[in-house]
Every structure is written in structure tokens, then in C-alpha cells.
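**Q** how would this look folded up:
(one chain, ligands or ions: 1)
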Amino acid sequence: MMSKSRGRVFSLLPFAFSLVTIAGCRQDMHNQPKYRGLRASTFFADGSSARPFVEGTIARGALQDDEAFFTGKINKVDVKELPFPIDEKVLDRGEERFNIYCSPCHGRTGEGNGMVVQRGYKTPPTFHQDRLRQADVGHFFDVMTNGFGGMPDYKVQIAPRDRWAIVAYIRALQLSQHATTADVPGGDPAKAPRPAAGGEHGR
Ligand code: HEC
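**A** Down below sits the predicted model:
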């Protein structure tokens with residue numbers, strides 16, 4: 001006669017067996033046809049498993065339909081006006097971005113003597129020469145977007161709105177180097193409001 005515990009093991013066997021077989025049958029999406037990145041395909045005529053976008057596809061929210069805002073040009077001509085109102089916040093943002101991205105070559109004042117240039121990089125023109133003082137704002141936007149001669153482009157690093165903020169700040173820099181006492185509130189530089197102490201040059 002079988003012992004009681006052996007009998008229990010035997011009675012559980014069919015259950016254990018069914019567990020194994022059921023798990024084996026459960027396929028769901030474990031094995032589905034798939035391609036790993038860059039793997040070749042015999043299915044598509046071009047032999048590539050990756051499918052190109054349908055021509056003209058635009059990601060949601062990425063329609064760049066404002067030519068002036070996104071290129072600085074209208075019909076290939078540089079725009080003359082900044083495409084949105086400039087306030088102190090925009091200028092502050094422009095100053096910050098300029099000091100990060102442009103001052104290493106152009107210097108903090110835009111004179112063209114940044115640290116990278118002092119170490120041997122091509123010297124950029126000063127922003128305070130007449131040609132660049134008279135250049136339209138669209139030109140500065142275009143230089144940042146597409147590069148210019150020996151200067152690399154910054155369209156990947158700097159979003160369009162920030163590029164415009166930098167243009168606005170460059171205009172402020174240009175004004176700062178050509179200001180007269182008449183530009184100072186009250187006409188007297190000694191009485192002009194001073195920037196708060198404790199800035200980077202204040203210590
Ligand atoms: C790596 C150094 C470097 C950086 C960073 C740099 N520039 Fe330049 N930039 C140059 C050089 C060099 C030139 C001159 C290019 C030439 O004439 O071949 C130049 C030229 C220019 C010009 C003059 C174009 C003209 O009409 O003569 C403008 C405007 C300008 N840069 C704006 C900017 C702005 C704005 C930034 C920041 C977003 C910036 N640059 C960042 C090196 C730099």
C-alpha cells in the first residue's frame with residue numbers, strides 16, 4: 001500500500017504537468033517578427049528594414065511655418081525687426097545665452113577678443129564696426145543658424161527664440177559701446193542707476 005504522502009505527490013503530478021505545458025503554449029507576443037536596428041531585410045525592395053519617413057512628414061508641433069521667426073529672412077532677405085517684443089526678461093536671457101555660447105570667441109562685449117581667440121582661433125570681426133551695427137537683425141540670426149565662414153553654426157545648441165534673444169542682446173551691446181551722455185537717464189553718467197553690486201565683476 002502507498003504511504004499517504006506519496007499518494008499526494010502522485011495526485012499533484014497532473015497539475016504540475018499541466019503548468020509546464022500551459023506555460024509552453026503561451027506565446028502571446030514573445031516571438032513576433034522583428035528587426036533589430038540597422039538589420040537588413042529581404043522584404044523591402046531597398047534591402048533595409050528601417051523605413052524612411054513619407055516625404056513631407058512633419059512631427060506634431062514642429063511645423064516651422066513662420067519664415068521670419070525660424071530663418072531670419074523673408075523671401076531670402078534678412079528681416080529688419082525682431083519677431084516678438086523684447087522686454088527685460090528676454091534681454092537677460094539673451095545676455096546669459098550670449099555669455100555661454102558667443103563670448104568664448106566674441107568676448108563679453110562683442111569686441112572679438114574671447115578666450116578661444118586669444119588661444120589662436122580665427123579673430124571674428126568686432127560687433128561695433130559700422131557694417132555690423134547697420135546689419136539687419138536677420139543677419140545675426142542667420143549667422144547663428146547657418147554659421148559664417150570660420151564660425152560654426154549654433155542651430156542645434158540654441159533654440160530659435162533664444163537666438164532672437166541673443167540678437168536683441170547684441171543690439172544692446174552695440175548701443176552700449178556707442179552711447180552718449182544723452183542716452184543716460186538725466187543726461188549725467190554719474191547719476192545713472194548702477195547695476196546691483198555683487199555681479200561677477202563686483203567682487
Ligand atoms: C568658436 C568661436 C566662435 C563662437 C563660439 C561664435 N563665433 Fe561668431 N564668429 C567667429 C568667427 C571666427 C567669425 C568670423 C568668420 C569669418 O569671417 O570667417 C565670426 C563671425 C560672426 C559674425 C559676423 C558675421 C559677419 O557678417 O561678418 C557674427 C554676427 C557672429 N559671429 C555672431 C555670433 C554669435 C551670435 C555667436 C553665439 C551664438 C557666435 N558668433 C559664436 C567665431 C565664433
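**Q** only C-alpha atoms for contact and neighbour calcs from this point on.
**A** OK.
**Q** In which helix or strand does the nearest residue to residue 137 once chain neighbours are set aside reside?
**A** Take residue 137 and drop its neighbours on the chain: the residue closest to it by Cα to Cα, 6 or more residues apart in numbering is residue 80, 5.5 Å away. Here residue 80, judged by DSSP states H and E, is contained in no helix and no strand.
**Q** just checking, residue 80 touches residue 134?
**A** No. Counting by Cα atoms under 8 Å, residue 134 is not a contact partner of residue 80; they are 10.2 Å apart.
**Q** For the two, indicate the residue with more neighbours.
**A** Set side by side, residue 80 and residue 134 show more neighbours around residue 80, with 15 against 9, by other Cα atoms under 10 Å.
**Q** Could you report the separation of that one from residue 138?
**A** Distance, residue 80 to residue 138, by Cα to Cα, to the nearest Å: 6 Å.
**Q** Kindly report the residues of this structure close to the ligand.
**A** Remark: the part of the chain in contact with the ligand comprises 98, 101-102, 104-105, 122-124, 140, 143-144, 148-151, using Cα under 6 Å from any ligand atom.
**Q** Report the two of the residues you listed separated the most.
**A** For the residues of the chain next to the ligand, the farthest-apart pair by Cα to Cα is 98 and 149; their separation is 19.3 Å.
**Q** which of those two has more neighbours?
**A** Set residue 98 next to residue 149 and count neighbours by other Cα under 10 Å: residue 98 wins out with 24 against 9.
**Q** Surely the more buried one touches residue 168?
**A** No. Contact criterion Cα under 8 Å: residue 98 and residue 168 do not qualify, at 10.2 Å.
**Q** Let me see the backbone angles for the residue nearest to residue 147 when sequence neighbours are not counted.
**A** Distances taken as Cα to Cα, 6+ apart place residue 153 nearest to residue 147, at 3.8 Å, with adjacent residues excluded. With angles defined as degrees, to the nearest 10, residue 153 sits at phi -90, psi 160.
**Q** Next, work out how far apart residue 57 and residue 63 are.
**A** As judged by Cα to Cα, residue 57 and residue 63 stand 10 Å apart.
**Q** before we move on, what about residue 101?
**A** Distance from residue 101 to residue 63, counting by Cα to Cα: 26 Å.
**Q** Helices of the protein, start to end?
**A** 4-25, 67-71, 88-101, 103-106, 115-118, 130-134, 137-146, 160-177 (DSSP state H).
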